[in-house]
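> Coordinates only, no sequence provided:
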């Protein structure tokens, strides 16, 4: 039976650790002992990947690498397996359990219960699981509860604030590519709903882009000035706020005149269903779904070159 093995570049992507850190821990702490393949590349096992991910999460909880290294590889693996056993001890899946606890903590509102559950998820689940299976559904569910009148605006803002922090924390821990295409991501002026922009930033980051996330309510002139400084390969606009037709037309004209001379501009979001025609008429590429963005990101440099 073949065992999964990975080169260091792949390990860095899977764990969120830089190659420099992985080599340093291997050299200084004797926690890893990768074999050399026929081409002399270091080859790491799935157990190595799991251990590195576990150590990283322990560091985020406040432990020092020196303390962890003193335990030794075998003890750390036992500790890691013990925590996994605790997480999976419930008959429910961890994802279902965490989501239920998070929603239950909102009515009646229990801040400590919510924060503990969210921190547990971030500490014990993978980036993909936390982002796509916890944070995205949570934000959507909270929006539904607010619209249904089951939670107040205060609770909705509290959750949105914490979810945004976790979004950006995860995105910032994805190893940056020095050679990847630069992508600037921003919401439209007076648009304060960032979830779509955060999701776009996540997919750009895991596909090797250098992400410049500017967030909510980004003025057009400020965005233009930033792009002149950074020279991005692409600008992504997120739009959830409905605009009057004349506002959308005026804004699309302004984006086209001020941003398209710099680089291509793509726009997406729920409001683009009704406003997209104004942006398309001005040469801005309107994305009808997240799947379109994800497909294009798989080989963004080639896609941009072929559509010049």
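Looks like it came in fine. Just so it is clear, the structure is predicted and the values come from calculations on it, not from any experiment.
> just the helices in the stretch 1-150 of the chain please.
Listed from the start of the chain, the stretch 1-150 of the chain has helices (DSSP state H, counting those that start in this stretch) covering 8-15, 19-29, 46-60, 65-87, 94-104, 111-124, 127-128, 136-147.
> Which of those helices comes out lowest on mean pLDDT?
In terms of mean pLDDT, the lowest-scoring of those is helix 127-128 (a mean of 68).
> coming back round to it: of all the helices of the stretch 1-150 of the chain, which one is nearest residue 295?
helix 127-128 (17.6 Å; CB to CB). For glycine as for every other residue, the C-beta is placed from the backbone atoms N, C-alpha and C.
> Relative to residue 161, how far out is residue 222?
Counting by CB to CB, to the nearest Å, the separation of residue 222 from residue 161 is 23 Å.
> So for the two, which residue has more residues nearby?
residue 222 (13 against 9; other CB atoms under 10 Å).
> measure that one to residue 231 for me?
Applying CB to CB to residue 222 and residue 231 gives a distance of 16 Å.
> Likewise for residue 206?
23 Å.
> on that earlier part again, can you check which of the helices of the stretch 1-150 of the chain gets nearest to residue 259?
Using CB to CB as the measure, helix 136-147 is the one of the helices of the stretch 1-150 of the chain that comes nearest residue 259, at 27.8 Å.
> Measure how the closest one sits relative to helix 111-124, angle-wise.
If you take axes from the mean of the first three to the mean of the last three CA atoms, to 10 degrees, helix 136-147 sits at 160 degrees to helix 111-124.
> who does helix 136-147 touch, helix- and strand-wise?
Packed against helix 136-147 by the contact rule (3 or more CB pairs under 8 Å, 6 or more residues apart in numbering; DSSP states H and E) you find helix 94-104, helix 153-173, helix 195-206.
> quick one, which of those helices is nearest to residue 9?
With distances scored as CB to CB, the stretch of the helices and strands packed on helix 136-147 nearest to residue 9 is helix 195-206 (13.7 Å).
> Residues contacting the helix or strand that comes right after that closest one, please?
For helix 195-206, the succeeding helix or strand toward the C-terminus, using DSSP states H and E, is strand 210-215. With contact meaning CB atoms under 8 Å, 6 or more residues apart in numbering, strand 210-215 is reached by 168, 171, 176-178, 180-187, 194, 197-198, 201, 204-205, 223, 226, 230, 232.
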